[in-house]
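Enquirer: predicted model, plus sequence, below.
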Amino acid sequence: MTKKRHQELGLTDEQVLEMYKTMLLARKLDERMWLLNRSGKIPFVISCQGQEAAQVGAAFALNRKEDYIAPYYRDMGVVLAFGMTAKELMLSAFAKADDPNSGGRQMPGHFGQKKNRILSGSSPVTTQVPHAVGVALAAKMEKKDVVSFVTLGEGSSNQGDFHEGLNFAGVHKLPVITMVENNKYAISVPYDRQVASNNIADRAQGYGMPGVTIDGNDPLAVYQAVKEARNRAIRGEGPSLIEAVCYRLTAHSSDDDDRTYREKGEVEEAKKNDSVITFASYLKENEILTDSVEQRLNDEITKIINEATDFAENAAYAEAEDTLKYVYEEK
Amino acid sequence: MPVMSYIQAVTTALREEMQRDEKVFILGEDVGKKGGVFRATDGLYETFGEARVLDTPLAESAIAGVGIGAAMYGMRPVAEMQFADFIMPAVNQIISEAAKMRYRSNNDWSVPMTIRAPYGGGVHGALYHSQSVEAIFANQPGLKIVMPSTPYDVKGLLKAAIRDNDPVLFFEHKRAYRLLKGEVPEDDYVLPIGKADVKREGEDITVITYGLCVHFALQAAEKLAEDGINAHILDLRTVYPLDQEAIIEAAKKTGKVLLITEDNKEGSIIGEVAAIIAEHCLFDLDAPINRLAGPDVPAMPYAPTMEKYFMMNPDKVEKAMRDLAEY
C-alpha cells in the first residue's frame, strides 16, 4: 500500500487531525468575531479566513516550543498553533485587561505573547520582518538551534523593511523563514497593481536565498516547504522565502466593503478551494475524520468558543488610569 | 585620572560594557574593520570579533529593526547610525516599534537597545551631515534621548544607556569628538538618565542648554565673570523626558533664563523647556524667557559664511548672556 501524503511527510494521523482542528478553530473563532462585531459587541475584526491552511501548515512545521514567530494581523491560525488560546484571543477582541497580547491596548490581530515567543506586532505593515531577522541574529550569536518565522501579505512585500530585512538575513545567512501569505489583495488593490514581478518568490533571488511558490490552500504543501526551510536554517544554510498562495475570503476588515472592488463570483469561485473544506475531504478520504470524530470536533470547538466568548465578554476592562502604565520599565 | 577626548570616552564605555556583559554587541555601517567613520568603535572588532562588532548592509531601517529583534530576544544591541541625519529611514522602527513595544505589549516585551548617532554642525558637513534631530523624537513616550556634553558624562551616560531596559537614543556631538577633552575616571561608574546637571553655579542669570552648547556657555560664562556677571549653567544631559525639577530650580535661582540649542528654533527642545518654566515659574521671573537657537531654515549650509551664520558659537552665546544680564 502506498503511503498517504501526510505519512510521506512524517506526519501521523493524530498530527494531521490536530492541524485540521486548529484550522477549524481559527475559522470558527473568526466567524464568531464577525457576529460579535455585527451585533455591536466588538468594534473591529480582521480575518484569517482563507489563510488557515497556510498558517497552520507552517506553524506545525516549526518547533513550537523553541522557535520565535513574528506574525501579521491575519495569523490567528499561527498563534493558536503556538499556544495562544481561544479565550485569550477573545479577551483581545473584547479589549479586556487580561488580553495577553496587549492588555486591551491594541486592536485585535496585533498579536504578541512572550511566553509563547510571539513577537508583539504593530499596524504599520512589515516592520516585523527586521525584528525576526534580529531574533535570528541573536539566536545564531547564542548558538541556539532556533529559527524565526515571519509572515506578511503580498502588498507588504513592497515595503522597504521587507527588502532590507531579507537582504540582511541573506548577507549574514540567518535562520529566518519569511512566508508571504499572498491572498491576492492588499485591501482593494489586486496583485497586478501591487507587485511587478510574476510572483513573490522571485524576490528571493535578489537576497541570496531560495524562494518557492506553493499552494497556500494545501496545509501539507505548506508544511513541507516550511519544514525544508527550517532544516536548511538549522543546518546553517540561511534564510528562505516562501510564498503561500491563498485567497482572502472576507473583506479586508469589518470596516471594509469588498463588493466595491471585486466580483462576488470571484469570491464564490475561491470558496471551492476553501482549505477548511478540502482538507476535511482529504482527512475523510483517509478515514481520519470520520463522522463521529467530526461531530466530536465540532461540539468541542463550539464549546470552546462559547466559553471563550462568555468569559471575555464578562471580563473586566483595564482601569482608566492603567493608561499611564508601562511607558518605561517600572522598578 | 586619565584625560581623554569625547570620542575616546565613547569607545571606552563601549569596550567596558562589552567586557562586562556578553549580551552587548554593536551593529552599524563601517563599525567593524574600519572602526567607524569617526573611529568611535576603533579597536573593538579586533578585541571582540566580527559577531559582536557587526558591519551591516547600508540600510538604516534594518539596523534599527534588527537591533529591536535582537533586543527582544534578550541581547543588548548598540546600533550606530553613521550620521544623525541618516536616521530618517529608521524613524518608523524607532517611533512605531521601539518606543511603543513595552506599552503596546502591556509590559510583556521590551527593547533594551541603544542607538548612537553623531549629530551637530560646525564641521563643513552641510545639510546632511550637520543636523540636530532630537526634536523629532522628543514627543515619543517610550524613548529616552541622551545628549552628553563632556567626556566624563559620555562614559557614565553611555554605560547607563546600554544597561537601560528601554530604548535610548544617544546623540554625540561630532564636533565635540576631538574638540573636547576631560578627566574620565577609570572605574566603572554610571550616571543617571533623566537627570540634568549643574555645570556652573551662579546667581545672576541661568543658562539651560545641552550638548556642545554647554561648552560654549561655559566659555562665555568665564568672560562674563570678569565683568562680575555670574552665570548658572544647567546641562539637560537627557533631553527627553526632561528633568522638570532641575529646570524649575535653575530658573527660579536667578529669575533670568536663557535657553540655547543648536537646532532650529521653532519646535525645538528648548521650546518645551520654556513651557515648563512658564507653567511653574511665572512669579519668579525677572525677564522674558530668552531663546537662542539656529535659524528656521531646513539645515546648515556648506559655504563657510552661511555655516557660520547658522552654527552656534561662544560669541553668539556671550552676547545673548550679556543682553539678558543687562535686562
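Expert: Noted; the coordinates are in hand. Bear in mind the structure is a predicted one, so any value in this text is a computation, not a measurement. Residues are numbered from 1 along each chain as shown, chains lettered A, B, ... in the order given.
Enquirer: contacts and neighbour counts: CA atoms only from here.
Expert: OK.
Enquirer: and the residue lying closest to A:Leu174 once chain neighbours are set aside, how close does it get to chain B?
Expert: Spatial nearest neighbour of A:Leu174, chain neighbours left out: A:Gly238 (4.7 Å); criterion: CA to CA, 6 or more residues apart in numbering or on different chains. The spacing between A:Gly238 and chain B, counted by CA to the nearest CA, to the nearest Å, is 16 Å.
Enquirer: list the contacts for whichever residue of the stretch 101-250 of chain B sits closest to chain A?
Expert: Closest to chain A within the stretch 101-250 of chain B is B:Ser105: 4.3 Å, counting by CA to the nearest CA. Residues counted as contacts of B:Ser105 (CA atoms under 8 Å, 6 or more residues apart in numbering or on different chains) are A:100-103, A:105, A:112-113, A:120.
Enquirer: which residues touch the residue nearest to A:Leu174?
Expert: With CA under 8 Å, 6+ apart, A:Gly238 has these contacts: A:169-170, A:172-176, A:209, A:232.
Enquirer: quick one: low-confidence parts of chain A?
Expert: A:1-2 (pLDDT under 70).
Enquirer: nearest the middle, which residue of it would you pick?
Expert: Central residue of chain A (CA atoms, centre = their mean): A:Asp75, 2.5 Å from the mean position.
Enquirer: what of chain B?
Expert: Chain B has B:Met147 as the residue nearest its centroid, 1.4 Å off, counting by CA atoms, centre = their mean.
Enquirer: need the longest helix for chain A.
Expert: Counting by DSSP state H, the longest helix found in chain A is helix A:13-38.
Enquirer: and it, what's buried?
Expert: A:13, A:16-17, A:19-34, A:36-37 (16 or more other CA atoms under 10 Å in any protein chain shown).
Enquirer: one more: stretch A:165-183?
Expert: Neighbour-count burial for stretch A:165-183 [16+ other CA under 10 Å]: A:165-170, A:172-183.
Enquirer: sitting in strands, which of these do you find?
Expert: A:176-182 (DSSP state E).
Enquirer: among the residues you listed, which one sits closest to A:Glu319?
Expert: A:Glu319 lies nearest to A:Glu181 out of those, by CA to CA, at 37.2 Å.
Enquirer: who does that closest one bridge with?
Expert: For A:Glu181, the beta-bridge partners are A:Gly153, A:Ala244 (DSSP bridges).
Enquirer: okay but it is in contact with A:Thr151, surely?
Expert: Yes. Using CA atoms under 8 Å, A:Glu181 makes contact with A:Thr151 at a distance of 6.9 Å.
Enquirer: where do the strands of chain A begin and end?
Expert: Under DSSP E, chain A gives strands at A:68-70, A:148-153, A:176-182, A:185-186, A:189-190, A:211-215, A:240-245.
Enquirer: mind putting the ones you listed in a markdown table, distance to B:Tyr73 included?
Expert: Output for the strands of chain A, formatted as a markdown table (distance: least, CA to CA, whole Å):
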| stretch | distance to B:Tyr73 |
| --- | --- |
| strand A:68-70 | 9 |
| strand A:148-153 | 11 |
| strand A:176-182 | 14 |
| strand A:185-186 | 30 |
| strand A:189-190 | 35 |
| strand A:211-215 | 26 |
| strand A:240-245 | 21 |
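Enquirer: how about the residues of the stretch 151-300 of chain A that lie near chain B?
Expert: The stretch 151-300 of chain A comes close to chain B at residues A:161, A:164-165, A:167-168, A:171, as judged by CA under 8 Å from any CA of the partner chain.
Enquirer: go again with 6 Å.
Expert: Selection of the stretch 151-300 of chain A residues close to chain B by CA under 6 Å from any CA of the partner chain yields A:164-165.
Enquirer: quick check, pLDDT for the nearest residue to B:Gln93 once chain neighbours are set aside.
Expert: Closest residue in space to B:Gln93, ignoring its immediate chain neighbours: B:Gly65 at 5.7 Å, by CA to CA, 6+ apart. B:Gly65 is assigned a pLDDT of 98 by the prediction.
Enquirer: hang on, B:Gly65 packs against A:His131?
Expert: Yes. With contact defined as CA atoms under 6 Å, B:Gly65 counts as touching A:His131 (5.4 Å).
Enquirer: those two: which is more packed in?
Expert: More neighbours surround A:His131 than the other of B:Gly65 and A:His131, with 33 against 29 (other CA atoms under 10 Å in any protein chain shown).
Enquirer: ok, and the closest non-adjacent residue to the more buried one?
Expert: B:Gly69 (3.7 Å).
Enquirer: I'd say that neighbour and A:Val135 touch.
Expert: Yes. B:Gly69 lies in contact with A:Val135 (CA under 6 Å); the separation is 4.9 Å.
Enquirer: neighbour count for those two, which is higher?
Expert: A:Val135 (33 against 28).
Enquirer: isn't the more buried one right next to B:Gly67, touching?
Expert: No. Assessed by CA under 6 Å, A:Val135 is found out of contact with B:Gly67, at 8.7 Å.
Enquirer: and which of the contacts of B:Ser105 is nearest chain B?
Expert: For the contacts of B:Ser105, the closest approach to chain B (CA to the nearest CA) belongs to A:Ser102, at 4.3 Å.
Enquirer: my guess is that closest one contacts B:Asn106, does it?
Expert: Yes. Under the criterion of CA under 6 Å, A:Ser102 makes contact with B:Asn106 at 4.9 Å.
Enquirer: settle it for me: which of these two has more neighbours?
Expert: Applying other CA under 10 Å to A:Ser102 and B:Asn106 shows that A:Ser102 carries more neighbours, namely 30 against 25.
Enquirer: which residues touch that one?
Expert: With contact taken as CA atoms under 6 Å, 6 or more residues apart in numbering or on different chains, A:Ser102 is in contact with B:104-106.
Enquirer: so of those residues, which ones are in helices?
Expert: Using DSSP H, the contacts of A:Ser102 in helices are B:Arg104.
Enquirer: could the contacts of A:Ser102 go into JSON lines alongside pLDDT?
Expert: Formatted as JSON lines, the contacts of A:Ser102 follow (pLDDT from 0 to 100):
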{"residue": "B:Arg104", "pLDDT": "98"}
{"residue": "B:Ser105", "pLDDT": "98"}
{"residue": "B:Asn106", "pLDDT": "98"}
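Enquirer: ok, which stretches of the chain are helices?
Expert: If you meant another chain, say so; for now it's chain A. A:5-8, A:13-38, A:52-61, A:76-81, A:86-93, A:128-141, A:160-171, A:219-234, A:264-271, A:275-285, A:291-314.
Enquirer: chain B is the one I meant
Expert: B:6-20, B:44-48, B:60-73, B:91, B:101-104, B:134-137, B:151-163, B:176-179, B:212-226, B:244-254, B:269-280, B:304-310, B:314-325.
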